[in-house]
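Peer 1: fold the following, please.
(chains A, B and C)
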Amino acid sequence: MATLSLNNIEKKFGTFQALKDVSLDIKSGEFICLLGGSGCGKTTLLRIVAGLETQTSGEMLLDGADLSKVNCHERNVGMVFQSLALFPHLNVGENVAYGLEVRGVAKAERKTKAMELLEVVGLSGLFDRPSSALSGGQRQRVAIARALAIKPELFLMDEPFSALDAGLREHLQIEVKKLQRKLGVTTMFVTHDQNEAMSIADRIVILNEGRVEQAGTPTEVYAQPQTRFVADFMGTNNIFTATVSQRGDVSLEGVPLGVATGDLAKLDGKHVIAVRPEYLELEPVTSSSIGLVGTVDFVRLLGASIETELSVGARKFVHTMVSDRAPKFAVGDQAEIHFDLDHAWVIPS
Amino acid sequence: MGDPVMKHLKPAHFIGLFPLSLMGLFFLGPLAFMIVVSFYERDPLGFYNVAFVWDNYAKFFSSFYYTISMRSIWSSALGAVLVVLLAFPAMYIITDMQRRWQLFWVILLLSLMCLSEVILGFAWLILLSESSGIPKFLGWVGLWDDPRSLSPSFAAMLIGFITLGFSLVALMFYPQMAQRDRSIEEAARTLGTSPPRVFTKVVLPNYRTGIIGAVVTMFVYFLGVFVMPTMLGRPQDWNMTVIITDKAVGDANMPLGAALSVIMLLFTLLIIGTLLFSSRKERSS
Amino acid sequence: MNSFLKRLFIWAIAAGLILPFLIVAGVSINANSNISFPPSELSLRWYTVLFSESDWLIPIRNSLLIAVVAATIAVSIALAANYVLWRLKSGFGKFVFALGVGPFMLPPIIIAMGASVFWAEIGMYGRVEATIISHGVFFVTLPLVIISRGFAALSDDVVEASCTMGARPWQTFTKVIFPLVLPYAITGYALVAIISVNEYLISYMVSGFAVETLPIRIFNNVRYGYTPVVASAAMAFALFTIGVLLVLSMITDLLKLLGAPRD
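Peer 2: Predicted coordinates:
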């Protein structure tokens, strides 16, 4: 299939810089998720790859050839838009076969190919259905079939499932991933939903204000965040600046937290560390408590787990545990917070 | 495709020359010619002689034209206000109807909008006549001893205006009213507002600019109608348009007709300009 | 109480709008040759006169000819202007569009006066071509606005999707843009044709003494004495107008075209 190299891509809209120095190498057949909040530039990047926008500077190579010189309608990309953009005046079969029609493929062959594709996405038999008479999930699948009908080198999706309800969304995520694995097409998928990215991506590229914060597998990005933004963005995290003394004592603004173990033991001085909520422990406050003491603000019973939010002065901490144990603390209680420093991740500066 | 950064000419620019040239030549051209001819001299034997005189404009400042102008302004303004007063609530009610009934009304209104002034005027002429219309009916029922034709009269002319403008105003308001966010009105009702007050306190203020715009548009439109005043109005009700046509075609005095039209044009532009200016000021404040 | 008043109001308006035509219809099927209602004897002779005497047939033909050609001119200008505005959202596009809106903002007499002076100077005063062109140019506003709704409904991403699937710009136009805008163009055409057939002032002032259109004939008749043929002409007009609109409503979603939201 196709390898895509993005080198130092920049994009300005007037004075607003949407993308700053984005570089990315995507291997053939890889499923990449562009993840970030609104305005981070993920859709802009996708549109540049599709040819709907042109980068202000930077290079784009598809299998080594300069893609920027190629016009939108000459690139072999299949794109699924956020609004799906199905042609309202064409029925399902005509929609799916559209890409083939503009390439001059004969009518009979178009029909065969379109029907094959409809079967692959599970919509066989809907060839003649008008595009206005489809359910949400069916429209999605038609859009996907349409993009894949032209056997694209790149498969691009712009937040395609954001308008669907949770159950259907999860179902389609799995279907798309399976389909992609079967076809082996290099894929770029834009989303703001981290759970979505975590479930289906081979690699996640996290964007913030036009810059790539980190690109890595879901595990890497979750357990080894390279920047404070990523540590904060992925899931819930407790991030603070701890001081490691020469003797190996870790403290937060003078309050002792314990002895440094693991990665932390090799360092001294001030470091930003991140500890996931599942690696916190809460103990009742006793007269001999010398550690960090916080007040419980909120307790969430989430079915499978219990999440407790505490505040220490202006700082907030989150603790989570499996819910077979009864919650020991209620709102307003005081608790001593212990950190499992073995699982403290040091964020590189 | 469609890179916004490319500044050179695209096919669309060339396509744009077609409407530009046609509109420029056949719309702006006539206006320009009209201004030029207004300065010409009237030739009693033919059309006119090329000249540059202010005579035609000077004629406007006589009491004859002054009275007619005032009269035009009064009847147009009154007509405009009445039309909007009727059409706006009507549209409010119609856009809440079922789609089938809305379609009925839309077709009715579209038909009336397209229908000739001449036909509309004729229809009311008959309806207000003593041989076939309302007077005859009232006489037949016994409410009127000596039924006379109700036209020509000022009221008849106004009724003609209203019929003419109603469909125009109604269809102008249709998109906005059909697409309006009804949840605002529903919220007001749940807070205890009665339906009439919902209309006056919630709906009306939203459409203030639209209503003013409609009144001004209709005012300008009624200034320029010819058939209604001629068919349904008495000579003392005739507006400036009738006079212009009378002079230009009837007296074959094109320069005078042109001059009077230019004056009306300037007046119209003044009104429209004031409207645009005040709406821009409102938007920025 | 409240909905009773509302219903009364609407019925009163409907009556005011429809009643005149009921009367005219009644007058037109009167066997007698004087104008009176209710008709004493029913007859369709006036309609026969309308469609058989050349006095009437010629104006009918003139009106239809002018309408068909003028509507074509108006719709092509409106399509071009809308396409330009849609493609180049810039000042040039807006200017062209504004030119199209211009005729609607001015009182009809000014338009008519300007047109007659213009054609007189050019030397085409009194020719049917002059009226055709004037109608075509001055009635641009309605199709312009209607077609603009068509382009507004044409979301950008449908065009982008077409592009990513490999369609060249011309293919996108013929396969996506044009089919979607067509219903609006047809509606615009029908409306301009109807308006042109009905129009009095411009056709009178530009070529009225040489080319008699139907409204001109009716107006002259009303002024100088008439028989119920005029009433039958008026009814024919009304029925033609409503007929075209009914057909239009069957082949398009007329309410949506005029601005109603999608259900």
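
Peer 1: how about the residues of the stretch 151-285 of chain B by chain C?
Peer 2: Contact residues, the stretch 151-285 of chain B versus chain C (C-beta under 8 Å from any C-beta of the partner chain): B:163, B:166-167, B:171, B:174-176, B:178-179, B:194-196, B:217, B:220-221, B:223-227, B:231, B:240-241, B:244-245, B:248-249, B:254, B:257-258, B:261, B:264-265, B:268, B:272. C-beta: built from backbone N, CA, C; applies to glycine.

Peer 1: for the stretch 1-150 of chain A, that is, sorry about that
Peer 2: Within the stretch 1-150 of chain A, the positions near chain C by C-beta under 8 Å from any C-beta are A:50-52, A:72-79, A:81-83, A:85, A:87-89, A:98-99, A:101-103, A:146-147, A:150.

Peer 1: filter the residues you listed down to the ones in strands?
Peer 2: A:77-79 (DSSP state E).

Peer 1: who wins on neighbours among those?
Peer 2: A:Met79 (30 neighbours; other C-beta atoms under 10 Å in any protein chain shown).

Peer 1: for that residue, give the beta-bridge partners.
Peer 2: A:Leu156 (DSSP bridges).

Peer 1: returning to what we had before: now distance to B:Phe104 and pLDDT too, for the ones in strands among the residues of the stretch 1-150 of chain A next to chain C, in CSV please.
Peer 2: As requested, those are exported to CSV (distance: C-beta to C-beta, whole Å; pLDDT from 0 to 100):
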residue, distance to B:Phe104, pLDDT
A:Val77, 49, 90
A:Gly78, 47, 91
A:Met79, 44, 92
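
Peer 1: columns distance to A:Gly93 on top of those, output as JSON lines?
Peer 2: Converted to JSON lines, those look like this (distance: C-beta to C-beta, whole Å):
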{"residue": "A:Val77", "distance to A:Gly93": "22"}
{"residue": "A:Gly78", "distance to A:Gly93": "17"}
{"residue": "A:Met79", "distance to A:Gly93": "20"}
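
Peer 1: so which bits of the lengthiest helix in chain A are buried?
Peer 2: Ranked by residue count and defined by DSSP state H, the top helix of chain A is helix A:166-183. Using 16 or more other C-beta atoms under 10 Å in any protein chain shown as the test for burial, helix A:166-183 gives A:169, A:172-173, A:175-177, A:179-180.

Peer 1: so which elements touch it?
Peer 2: When contacts are defined as 3 or more C-beta pairs under 8 Å, 6 or more residues apart in numbering or on different chains; DSSP states H and E, helix A:166-183 sits against helix A:136-148, helix A:194-200.

Peer 1: what count of nearby residues applies to the closest residue to chain A within the stretch 151-285 of chain B?
Peer 2: For the stretch 151-285 of chain B and chain A, the shortest gap (C-beta to the nearest C-beta) falls at B:Gln179, measuring 19.1 Å. The tally of other residues near B:Gln179 (other C-beta under 10 Å) stands at 13.

Peer 1: list the residues that contact it.
Peer 2: C:259-261 (C-beta atoms under 8 Å, 6 or more residues apart in numbering or on different chains).

Peer 1: separation between it and A:Lys178?
Peer 2: 42 Å (C-beta to C-beta, to the nearest Å).

Peer 1: can you map out the helices along the stretch 101-250 of chain C?
Peer 2: C:108-122, C:128-138, C:141-153, C:156-164, C:169-172, C:178-198, C:201-207, C:214-224, C:229-251 (DSSP state H, counting those that start in this stretch).

Peer 1: dump those to TSV, plus mean neighbour count.
Peer 2: Output for these, formatted as TSV (neighbours: other C-beta atoms under 10 Å in any protein chain shown):
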stretch	mean neighbour count
helix C:108-122	26
helix C:128-138	25
helix C:141-153	21
helix C:156-164	23
helix C:169-172	17
helix C:178-198	23
helix C:201-207	27
helix C:214-224	20
helix C:229-251	20
